[in-house]
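J.: My questions concern the predicted model and sequence given below.
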Amino acid sequence: MIELYHSQRAMRAMRSAALQRGVIAVLDVGTSKIGCLILKFEGAENRIDGDGVGSLAGQSGFQVIGSALTKSRGIEYGEIVSMPETERAIRTALQSAQKMANSRVDHVIACVSGGSPRSYGLEGDMDIKSEIVDDKDIGDVLGACIIPSYEIDREILHAQPVNFSLDHRTGLSDPRGQIGKHLSVDMHLLTIKEKTIQDLAYCIKRCDLELAGVASSSYVSALSSLVEDEKELGAACVDLGGGSTNISIFWKKHMIFAETVKMGGELVTRDISMGLQVPLSAAERIKTRNGGVLATGIDDREMIEISSETGDWELDRRIISRSDLIGIMRPRIEEILEEVRASLDNAGFDDLPSQKIVLTGGASQVPGIESLANKILGQQVRLGRPMRIHRLPQAYSGPTCAGLVGLSLFAAHPQDEWWDFSPRSKNFSGQSVSRVFRWFKDNW
Amino acid sequence: MQQINFSKFRKRDPAPSRFRYKFSRWMLSPLIKKAVLYALPLFIIASPFLIYFQDQKNKEQAQEIAFDLYRKIIERPEFMLDALSIEGASDSLNTEIRNILGLNFPVSSFDLNLADLRELVLSLPPVEIAETHIKGGGILHIKVNEKTPALLLKKEMGFTVLSAHGDYIRSVSSREHFSNLPVITGVGAETAASQATAILKVIDKKLSQVRGLVFVGHRRWNIIMTSGQIIMLPENNPEQAIQKILILDKAEQILSRQIAVFDFRLPSRITLRVPTANYGQTNSEIIGVRN
């Protein structure tokens, strides 16, 4: 059992140890697939140009040396329901990735999609003693945030400072070194169910790996799918996954909201399976080969052969039109998108200056989903693919692997979180030193 | 279109067992990986040889074959040396060099170490510089520079031939072969041989009838004339004193006078000593005794 909050700092140390060694694995445990990338970190000398960002948005310091994608087992709606099954699936992915990388990894950074994440906006403020803001002041002001009371079975997954204000100047991303008197911070806190993260940590431990970091799946897929401008101006990333749909809202380069809708592509598959009376595997195949959400006239004439093996010839040899298939798929996808809309509305997405929505994830590959999303979510919808990272295999460059790629970026450059700063210790001050001194003087 | 039997995939669990997973991770750990990649093939290749050479008989046999092969190669006529030619050595030195090298021709050039031979030749006292090299046609060529005999040091028993710098060349029992060399004597005379050479160079036959030089008190020289006269030279700058004597002799014929000792030890105060009654005998006693 890990206590997530207390192990966050230890995981950060583990991550830097892994970077020192040069090899780290990222693991995306999803409902429909488990993906694993093994990253090799080189020194900073590979930077090509000298200006601030560097090539590939500064992500050129690492490359993918091993990758594996395997069918997920024992996971439903992003949560582990059968530990041994999940452990086996993780083992499969890791072993083949290690084989490809031809090197052993000991540290893994994982992401969790389930666990019903909940976002909180926190505020903290304090007067700073010294004129110039330093690391300790940041730690202090983060410590001054009022923690909302969340349920006892929840754990903090992310606690990221989003915005700093210093004496009525707001919108500072890093106030260190600036001069002021009153410092306040807005923080985004994300909690998830403790059990979800502990199950995952246990599975990873059973595979002889050390957990070097955890991230929310909503967060990491946005990291890879949103471009810099979208992150700055405000955008929502909707990762339409297999078992769950992860939503995150970015503004001013920080995540300000994340949520999960427990509906995903697998529900569509189930609908097809039930509607057409075919096995799930066949339904999945039909969905990916012929699926769509916008019916046109030509779809009435496009016939799909349905093959199954019940032995009943009449049942096994059926032909349906594509319109029929669309008729099954569209309501479910509409439902998912409406859920997304509802949760964006809850989050106050309409108040952001930019209303950009980026669809990514496996279910975003359904033809026509863009125009359907236009109708439900708003006009500024685009399909997002993850950004490129060095030596990523072609098969992993699709939106399906947005989470994996985002996790790699997270592994390379994690954002500063609450636990990266330590507040000033209150017990140790000049007064106590003088008290010790006096005690010695009195007693010796 | 070919039917895909989905149920087929269900049968085998694609996941590796815990043991296999751990084993594969162990195999990928850096040390084991290197061992399997390099050490294991090396061991497999080497093991037949190791097993074969465990047997002492096999080992000796292989060594014998290897040695035979080696001898066969180095004893090819191209590598053999048939003669020794020595350049720049007198007959006696020539014989000495041949004796000290002790080579039995023909000999393979692989068996000779030219640097060692050179050291050996240089260890002979009369040799100043030696070069050894192999000439075409199987000839070992040794080029030596002999030290030039310049002084004859008289000892209690016999004489020692020295070079101009006082290097030992050889010992002789009589002056027979070196009658042209000037004679020096005295305790530690060989250490100051360079100075003696310089003095003799200044004298340079201008003073006839010089019998020899005597080194006195480890610091200065006396010139002994055939007449038994003694010229005492100073410790510092004896050449200048000689010049003075030569000038005096030219002007006053000082040397042909009846004077036993010309004391030039203090150049500013030349002292002459007239002979006592037993002229000559006294002087021969004085030599080397007083300074």
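T.: Nice, thanks for sending it over.
J.: Does B:Val261 touch B:Leu233 like I think?
T.: No - contact criterion CB atoms under 8 Å: B:Val261 and B:Leu233 do not qualify, at 11.9 Å. C-beta here means a position set from N, CA and C on the backbone, and glycine is covered the same way.
J.: Those two: which has the busier surroundings?
T.: Between B:Val261 and B:Leu233, counted using other CB atoms under 10 Å in any protein chain shown, the more crowded position is B:Leu233 (25 against 19).
J.: And that one, how far from B:Ala150?
T.: Separation of B:Leu233 from B:Ala150 (CB to CB, to the nearest Å): 19 Å.
J.: phi, psi of the residue of the stretch 101-250 of chain A found nearest chain B?
T.: Here the stretch 101-250 of chain A gets closest to chain B at one residue, A:Arg104, 3.9 Å apart by CB to the nearest CB. Backbone torsions of A:Arg104, given as degrees, to the nearest 10, read phi -90, psi 140.
J.: tally of neighbours for it?
T.: By other CB under 10 Å, the residues close to A:Arg104 number 20.
J.: ranges for the strands of chain B?
T.: With DSSP state E, the ranges of strands along chain B come out as B:80-81, B:83-87, B:107-108, B:127-135, B:139-146, B:149-154, B:159-163, B:168-172, B:183-185, B:210-216, B:220-225, B:230-232, B:261-263, B:271-273.
J.: Take those and write them to CSV, including mean pLDDT.
T.: Converted to CSV, the strands of chain B look like this (pLDDT from 0 to 100):
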stretch, mean pLDDT
strand B:80-81, 82
strand B:83-87, 83
strand B:107-108, 82
strand B:127-135, 81
strand B:139-146, 83
strand B:149-154, 79
strand B:159-163, 81
strand B:168-172, 80
strand B:183-185, 81
strand B:210-216, 81
strand B:220-225, 82
strand B:230-232, 83
strand B:261-263, 82
strand B:271-273, 80
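J.: what's stretch A:278-292 in contact with?
T.: The contact list for stretch A:278-292 (CB atoms under 8 Å, 6 or more residues apart in numbering or on different chains) reads A:265, A:268-270, A:272-273, A:276, A:299, A:302, A:304, A:306-308, A:322, A:325-326, A:329, A:365-368, B:6.
J.: Which among those count as buried?
T.: Neighbour-count burial (16 or more other CB atoms under 10 Å in any protein chain shown) applied to the contacts of stretch A:278-292 gives A:265, A:268-269, A:272-273, A:276, A:299, A:306, A:308, A:322, A:325-326, A:329, A:365-366, A:368.
J.: So for the chain, the centremost residue is which one?
T.: Just going to use chain A. A:Ser217 (2.3 Å; CA atoms, centre = their mean).
J.: wait, chain B
T.: Geometric middle of chain B (CA atoms, centre = their mean) lands on B:Leu122, at 4.3 Å.
J.: Look up the pLDDT of it for me, please.
T.: Looking at B:Leu122, its pLDDT reads 82.
J.: Could you check the helix or strand A:Ala17 falls within and say which residues are buried?
T.: Using DSSP states H and E, A:Ala17 sits in helix A:4-21. For helix A:4-21, a neighbour-count test (16+ other CB under 10 Å) marks A:4, A:8, A:11-12, A:14-15, A:18-19 as buried.
J.: what would the residues you listed look like in TSV with distance to B:Trp26?
T.: Below are these laid out as TSV (distance: CB to CB, whole Å):
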residue	distance to B:Trp26
A:Leu4	30
A:Gln8	30
A:Met11	25
A:Arg12	28
A:Met14	21
A:Arg15	24
A:Ala18	19
A:Leu19	24
